[in-house]
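In: Sequence plus predicted model, see below.
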Amino acid sequence: MATVTMTMAKALNEGLRRAMEKNSKVLIMGEDVGKLGGVFRITDGLQKDFGPDRVVDAPLAESAIVGTAVGLAIRGYRTVCEMQFDGFVYPAFDQIVSQVAKLRKRSEGAYTMGLVIRLPFQGGIGAIEHHSESPEALFAHTGGLKVMACSTPNDAYWMIQQAIESDDPVIFCEPKSRYWEKGEVDLDAAPAGLFDAAVRRPGTDITVAGYGSTMKTILRAAETAAGEGVSLEVIDLRGLSPVDTAALVDSVTKTGRLIVVQEAPVHASIGASIVADVTHRCFYSMRAPGLVVGGYHIPYPPTRIEEDYRPTVDRILDAVDRVMEFD
Amino acid sequence: MATVTMTMAKALNEGLRRAMEKNSKVLIMGEDVGKLGGVFRITDGLQKDFGPDRVVDAPLAESAIVGTAVGLAIRGYRTVCEMQFDGFVYPAFDQIVSQVAKLRKRSEGAYTMGLVIRLPFQGGIGAIEHHSESPEALFAHTGGLKVMACSTPNDAYWMIQQAIESDDPVIFCEPKSRYWEKGEVDLDAAPAGLFDAAVRRPGTDITVAGYGSTMKTILRAAETAAGEGVSLEVIDLRGLSPVDTAALVDSVTKTGRLIVVQEAPVHASIGASIVADVTHRCFYSMRAPGLVVGGYHIPYPPTRIEEDYRPTVDRILDAVDRVMEFD
Amino acid sequence: MVDEELVQLLTPEGQRVEHPDYTSTLSNEKIFSMYRDMVIIRRLCNESTSLQRQGQLALWAPIQGQEAAQIGAGRALQPMDFTFPTYREHGIAWSRGVPPANMLRLFRAVSNGGWDPYTYRHSVPAIVLGNQVLNAVGYAMGIQRDGAEEAAMTFFGDGASSQGDVLEGFVWAASFNAPVVFFCQNNQWGISTPMSTQSKVPLYRRARGFGFPGIRVDGNDLLAVYEVARTALENARAGGGPTLIEAYTYRMGAHTTSDDPTRYRVEAEVEVWKHRDPIERVKALLVREAKTTQAEFDAIDAEAEEFALQLRADVLAMGRPDPITMFDNVYAEGHPLIEEGRREMVELGISGGAH
Amino acid sequence: MVDEELVQLLTPEGQRVEHPDYTSTLSNEKIFSMYRDMVIIRRLCNESTSLQRQGQLALWAPIQGQEAAQIGAGRALQPMDFTFPTYREHGIAWSRGVPPANMLRLFRAVSNGGWDPYTYRHSVPAIVLGNQVLNAVGYAMGIQRDGAEEAAMTFFGDGASSQGDVLEGFVWAASFNAPVVFFCQNNQWGISTPMSTQSKVPLYRRARGFGFPGIRVDGNDLLAVYEVARTALENARAGGGPTLIEAYTYRMGAHTTSDDPTRYRVEAEVEVWKHRDPIERVKALLVREAKTTQAEFDAIDAEAEEFALQLRADVLAMGRPDPITMFDNVYAEGHPLIEEGRREMVELGISGGAH
Ligand SMILES: Cc1ncc(C[n+]2csc(CCOP(=O)(O)OP(=O)(O)O)c2C)c(N)n1
Ligand SMILES: Cc1ncc(C[n+]2csc(CCOP(=O)(O)OP(=O)(O)O)c2C)c(N)n1
Ligand SMILES: [Mg+2]
Ligand SMILES: [Mg+2]
């Protein structure tokens, strides 16, 4: 088993490289993805090696990046579109919702929307406005799209390749605050199926699920909670649409308690939806109501105070306390 | 008390007229809103009476309709933007999420985003694609916006005026399939606050909440259920952000059971969110899990089969059965 | 309508005129066969309108007045080119070989599309104004990468010309020198919105500012549209980049069967355009130059009647789809929420299931 | 840089040149005071960059090289005009009277805006490329409705010129003849994307195709920018409609302090543009024509140093906001989820509450 230590940024870069090597129809398109290698350097060196026809520096227009990727998909290409930041995906929203999500249906199966929209998402990097958002719910709500989030370098390396190979369009969410954290990457075998959840820490008292940036925070909280005698089972959702409900039901059937942690606000969110769904499926097991620890219902705040917006270990532990009180 | 019978379309027309009479800063802008009176005739006659500077026929570009309404709001105008159909709001999504929702915050309270985006939403009119969608969750998820839906002519008449008077931006959802149904309109007094829920039928066994087009379906289901000995308390949410949680908690505390009915798909939706939230607040009262009867996770289907996509009386009654079985 | 900027090869009276840049290359046979297309497509529109009136279609978007624009452009295409239409390109669809009944599946509300886009190399309808323009540019970028001598052609209206997607399409096509032809049918109206609301200057001029040529052609002149489209397509295939063609034409009918144009336009305007009818002028030309006989014209009318009968029969034969099909073709690789929906539908007895 | 299309009144060497349409109307005093503005704004950029390097700012977007474009346009505005900037309009903000420390609140990440837009008639920064352009057009439509003799002016870059919002802004401004001036600073780069990716032809030409004038001005020429902007603004205020001004300039520094331009552009290009420095050429003019003394220039440099010290002090004094303020100004009329958030924050002991 060849495992290598690398950052998530590097893992994505290697994953993209491998996908491009395997399939000459794979393209990358986005703003500054060429010589600059993207503002996060995720595409570093790829234009040099694959040329400007395969790693395409786009004029600055997100609707066009996605809209032309749709046409390329119709022509048989698989384009990985890079949105520079989460907050800049909205100009492309119409193409994503009206074309990417619907063209397979509209063409009665003739079109394969094999494209990936990479979205560096969530906060935590002290950026200015529009650079720290969590719009995943908007895509998860939309039939025809698939949505996923990686949280480790190993997942990043494999999930980006699986997403590119998938014949369905994938919104690929990358926790930008974790780009520079290192982890082991197994270059030989994918850890799991594309949308399988992963139990990151087994436990017995509360199931705590999250994705992307919040995984690390949850694991820290689990450590602290363990010290206080509460055992958290930590689940990395990975798939946001579809959600691996079976994995959650397994866990909650055992723990009887559920907390979902996300940076996105709670109203009409993925976390709230999971709580409702799992509560239904595990009604008789529920020893406490499911809770969501999420962002507040506000525009992302100035980042000098962002750490009080994003779910902290403290807020997760507070939710742990509240859940345990129900017994 | 002066009550008049009129259709919802007419009630909206009259409400707009009254708002324009009361405040000369109120404008209407949209595609075909002038001579044509809009494709649903909601603005019928208004350009004739208020002139083309106040009822503005727009070039065909939704981002520009909303984007210029933002500038007009900064200048002190209150623009009612008409989106011709739900499925055409997405080109304006970026302006709505990045500017309308965030400018008050960004300007630290200096800007008042007094504008209303009217959205003829939901299905049921046998239209072609993109004319029957329910995107309300996308807006409800976004901090900085308010979202509401009317379901009766009386509400339509009053809520549109209240929305225009509000200093917050309102996404105003109109159930287009109900435009031509008549009801009593009280011209003297508003029935409720802008985001107050309304109990449309008192009951004891299950709280069934909905909004827009689904209200009528729910009331029919309640009739049938009553015949079968199950008493539904029917709540018209009216507010989708904010949701009148207190009214729901009151009802569910009594009934111990909750169903939310919506045309929108369920994942990351308002209904699922309400179920999670109310279950939390009423945990010890819940005799069954809360359910959502919604659209499926697909692009809106060809409308020859739309009645099997939209929540029907049968599907609501099926949910009623499932909920009652939990006892 | 004498207009220096307008490419015209055939006057409304059916007289040939000279143009410095374009000469008609069409044989009389081909003109006759294109005349036939126009007659049939007009008949298709009439039949569809009456089918809609009789409750057999949910909606219809007629193209009376735009037949020359569509048949002229449609016939200029090569088989391997790929076209990206709106909801109103019935003449293009016809030229691409889409079976007429398939065109009506959308309007009978039994499909959101209607045909296999690869079979006819004609994409499914795009209803959201402007979306298809970017898709066409992307497709053209694919052609470039394949090194193929093909072109993409996309259609949109005067109204849609105001949408960001169309304008971004211009930016991209210019930037990548993409083999795409933008074919704008300026039919003077976007539902009730007059052309003057979208632009105070002719639309074709927009292209130049983006760095590629724009041409205004008399959209009611079959010969001119054909030559202008053919030239632009050949140029694109040869690596010459994009062209914007503004086909100056008129929507003789309502926007759709749901529309009531009497609310926003005067009858006199329609009358003026009746004299510029695209079919009549070709007929005049054929009579004079090709000596086409009344019998030959009658044969086409008879064929059009046959055609309409068949179309009606085909439409009436389209039943209500099994509701369970709504779950088909949403995902290529499935989704649990789709399975759940299918299961629920079967349990409710709405469908027998598997499809 | 001899270019027929480019309006220039002052050469890089500081020599006046004639132009058929524009003549400088600036007195020596005013030129000197604008020179001062440019020096101070450059000093602001340098200080902000070092503040960022020292960890006192999250980010900085410098404007070295663009001082003439911004001070020229900024000074052409009348007090009642209203401006819609991006994140890089520090020179415009300065001209509008925004206190410099306020400009840095965004970059210190203590605010998403920074100043009261009505006090300075200068809107808050727009970061999403192109958004502000439509807002400006809407504001201008409001001016029209008020019958006021005012103009809106909006700023955007060469990169943003490809965004649908900017292009729709052109459509709308033309359609409504709105009193708005589009001021595009073509600084040749959008982060690493060269101008040639956005357009193969000069950007100013785009306007004509939308039906209003476009002008390219030497953006490093204070005198020319001022006259071109003044004329366009006067025309707008007088009901003459929109103008697109392309200020042809150069971003001498990095895109922002997070950027590394060595990855994508050659040093030689920067060297070429150093010879066109907007401040030096005004200085040369002042020396020759106004006989400005070294002592006078030194006084300005000294003032700029003072200014930088004060700026630094002001920035360092900006503390971390009380987290509870994140709930302020989201809604005018409140929202239960805001109340809930506030309550939670107080309960968690993160904030003492009420603000
Ligand atoms: C984004 C969007 N907004 C609104 C509509 C509703 N709509 C359908 S057709 C139409 C008019 C289009 O006019 P034009 O582009 O001139 O094409 P034509 O119908 O004349 O062929 C409108 C406003 C739409 N389909 N898409
Ligand atoms: C819609 C959108 N996409 C991407 C970005 C990220 N971004 C910020 S500045 C920039 C380059 C803009 O270039 P230009 O318009 O030329 O302005 P300049 O920075 O040169 O002043 C990009 C891509 C953004 N802010 N908004
Ligand atoms: Mg039209
Ligand atoms: Mg630039």
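Out: Structure received. Ligands and ions are numbered 1, 2, ... in the order given.
In: Stretch C:197-215 near chain D at all?
Out: Yes. Stretch C:197-215 lies within reach of chain D by Cβ under 8 Å from any Cβ of the partner chain, at C:197-201, C:205-211, C:214. Glycine gets a C-beta too; all of them are placed from N, C-alpha and C.
In: What of stretch A:134-154?
Out: No. Remark: stretch A:134-154 sits outside contact range of chain D, by Cβ under 8 Å from any Cβ, the gap being at least 13.1 Å.
In: Could I get the CA-only coordinates of the helix or strand residue A:280 falls within as CSV?
Out: With secondary structure defined by DSSP states H and E, residue A:280 is part of helix A:270-281. Backbone C-alpha positions of helix A:270-281 (Å, rounded to 0.1, in the frame of the first residue of the first chain) are rendered in CSV as follows:
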residue,chain,number,x,y,z
ILE,A,270,-29.0,20.0,4.9
GLY,A,271,-28.5,19.5,8.6
ALA,A,272,-32.1,20.3,9.5
SER,A,273,-33.2,18.0,6.7
ILE,A,274,-31.1,15.1,8.0
VAL,A,275,-32.5,15.6,11.5
ALA,A,276,-36.0,15.4,10.3
ASP,A,277,-35.3,12.4,8.1
VAL,A,278,-33.4,10.4,10.7
THR,A,279,-35.9,11.3,13.4
HIS,A,280,-38.6,9.8,11.2
ARG,A,281,-36.6,6.6,10.5
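In: Does chain D have contacts with that helix?
Out: No. Helix A:270-281 stays out of contact with chain D when judged by Cβ under 8 Å from any Cβ, the minimum separation being 12.0 Å.
In: Which element is encountered next along the chain beyond that helix?
Out: Assigned by DSSP H and E, the successor of helix A:270-281 is strand A:291-295.
In: tell me, how many neighbours does residue 222 end up with?
Out: As the question left the chain open, I've gone with chain A. Per other Cβ atoms under 10 Å in any protein chain shown, the neighbour tally for residue A:222 reads 24.
In: switch to chain C, that's the one I care about
Out: Counted with other Cβ under 10 Å, the neighbours of residue C:222 add up to 30.
In: pretty sure it contacts residue C:277?
Out: No. Residue C:222 is beyond contact range of residue C:277, at 11.3 Å (criterion: Cβ atoms under 8 Å).
In: Could you tell me whether residue A:17 really is in a helix?
Out: Yes. If the criterion is DSSP: H, G, I helix; E, B strand; the rest coil, then residue A:17 is within a helix.
In: how close does the residue nearest to it when sequence neighbours are not counted sit to residue D:217?
Out: Closest residue in space to residue A:17, ignoring its immediate chain neighbours: residue A:46 at 6.4 Å, by Cβ to Cβ, 6 or more residues apart in numbering or on different chains. Per Cβ to Cβ, to the nearest Å, residue A:46 is found 39 Å from residue D:217.
In: Who has more neighbours out of these two?
Out: Using other Cβ under 10 Å as the criterion, residue A:46 and residue D:217 rank with residue D:217 on top: 32 against 20.
In: Write out the residues of the stretch 151-300 of chain A neighbouring chain D.
Out: Going by Cβ under 8 Å from any Cβ, the residues of the stretch 151-300 of chain A near chain D are A:265, A:266, A:267, A:296, A:297, A:298, A:299.
In: Tell me which of these fall in strands.
Out: residue A:265 (DSSP state E).
In: Tell me which two of the residues of the stretch 151-300 of chain A next to chain D sit farthest apart.
Out: Spatially, the most separated pair among those is A:266 and A:299, at 15.0 Å (Cβ to Cβ).
In: Let me see the contact set for the residue nearest to residue A:17.
Out: Counting by Cβ atoms under 8 Å, 6 or more residues apart in numbering or on different chains, residue A:46 touches A:13, A:16, A:17, A:20, A:28, A:33, A:37, A:54, A:55.
In: tell me which residues of stretch A:13-26 are tucked away?
Out: By neighbour count on 16 or more other Cβ atoms under 10 Å in any protein chain shown, the buried set for stretch A:13-26 is A:13, A:14, A:15, A:16, A:17, A:18, A:19, A:20, A:25, A:26.
In: For chain D, see how far away residue A:191 is.
Out: Distance of residue A:191 to chain D, given as Cβ to the nearest Cβ, to the nearest Å: 32 Å.
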